[in-house]
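Undergrad: Model the following, please.
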Amino acid sequence: MSSPRRRALVAVAVLVVLLVGAVSWLALRPGPARADDPGLNFEAAAQHLTTTTTAAPSAPAVAPTTTAKPLPQPQNVPADPNADVPVNQIGTIEIPKIGLVHPIFEGIWLTVINQGPGHWPGTALPGGYGNAVFAGHRVTHTHPFRRINELVPGDEIIVQTGTGTYRYRVTGSEIVKPNETWIVDQTPGYRITLFACHPPGSATERYVVHGELENPPTT
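TA: Numbering: from 1, shown residues only. Just a heads-up that it's a prediction; the model follows:
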């Protein structure tokens, strides 16, 4: 075979390899996040909560001398997040730093969150022991959590319900991936967690704000 013809065949072979590689990369890369995503990875949350609530607890190395307070158990996410469910207001949330005063509701269906921040059923109630978790929109509907990225440690979060008024102080914030649903886990103490999509208009990540209750009960 002549040298020019051999070089031509080698060039064709290299081109075929490059084309196959490019097609494979396009097929495997993740698609763009939907801007209209509600901010909740329902599949990941369901799997996480099922695992954490059914796993047997480890036996303590030493028997406790006191009885610990029982922690709330977050409920699994809705089978149909778009279900037409009743919308029940449970109180209001106020965040002076960002000028927010807004009703809050019970549930994490879109039917509920489209009206305002929704309390994750089974997590601690405002003022209660554990982690009170609220999800809200940033750019759609009333977009109550549009500016939660401006909150810094020390900022005040005031939640009022039929049982009282509860003042939390922001302790920190972070950005997580949609499948990091451990943010709804219940931990000892009196805490609050707010989360929404990040960056605004995208579902790529979640912006999470943590706070602790001022003057928690001593017993």
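Undergrad: Enumerate every residue touching the nearest residue to residue 157 once chain neighbours are set aside.
TA: Excluding its sequence neighbours, the residue lying closest to residue 157 (Cβ to Cβ, 6 or more residues apart in numbering) is residue 168, at 4.3 Å. The way it works is simple: take the backbone N, C-alpha and C, and place the C-beta from them, glycine included. Residues in contact with residue 168 (Cβ atoms under 8 Å, 6 or more residues apart in numbering) are 156, 157, 158, 159, 191, 192, 211, 212, 213, 214.
Undergrad: Which pLDDT does the model give the last one?
TA: What the model reports as pLDDT for residue 214 is 97.
Undergrad: what does the first one give?
TA: Listed pLDDT for residue 156 reads 98.
Undergrad: do the same with residue 27
TA: For residue 27, pLDDT reads 39.
Undergrad: Report the contact partners of the closest residue to residue 69 other than its chain neighbours.
TA: Leaving aside its chain neighbours, residue 69 sits nearest to residue 129 (5.3 Å; criterion: Cβ to Cβ, 6+ apart). Counting by Cβ under 8 Å, 6+ apart, residue 129 touches 69, 71, 72, 188, 189, 190.
Undergrad: In the beta-sheet assignment, what are the partners of the last one?
TA: When bridges are called by DSSP bridges, residue 190 pairs up with residue 130.
Undergrad: Pull the number of nearby residues for it.
TA: Residues lying near residue 190 (other Cβ atoms under 10 Å) number 21.
Undergrad: before we move on, what about residue 108?
TA: Neighbours of residue 108 under the rule other Cβ under 10 Å: 28.
Undergrad: list the contacts for the residue nearest to it when sequence neighbours are not counted?
TA: Leaving out its chain neighbours, the residue that sits closest to residue 108 by Cβ to Cβ, 6+ apart is residue 118, at 4.8 Å. Shown in contact with residue 118 (Cβ under 8 Å, 6+ apart): 104, 105, 106, 107, 108, 109, 112, 134, 135, 136.
Undergrad: The third one touches residue 86, doesn't it?
TA: No - contact status for residue 106 versus residue 86: not in contact, 9.2 Å apart, counting by Cβ atoms under 8 Å.
Undergrad: higher neighbour count, those two?
TA: Remark: of residue 106 and residue 86, residue 106 carries more neighbours, 18 against 10, as counted by other Cβ under 10 Å.
Undergrad: Contacts only, for the more buried one.
TA: If you count contacts by Cβ under 8 Å, 6+ apart, residue 106 has them with 88, 90, 112, 118, 119, 121.
Undergrad: The same query, at a cut-off of 10 Å, please.
TA: By Cβ atoms under 10 Å, 6 or more residues apart in numbering, the residues touching residue 106 are 85-91, 112, 118-121, 125.
Undergrad: nearest to residue 145, of the residues you listed?
TA: Using Cβ to Cβ, residue 118 is the member of these that lies nearest residue 145, at 11.0 Å.
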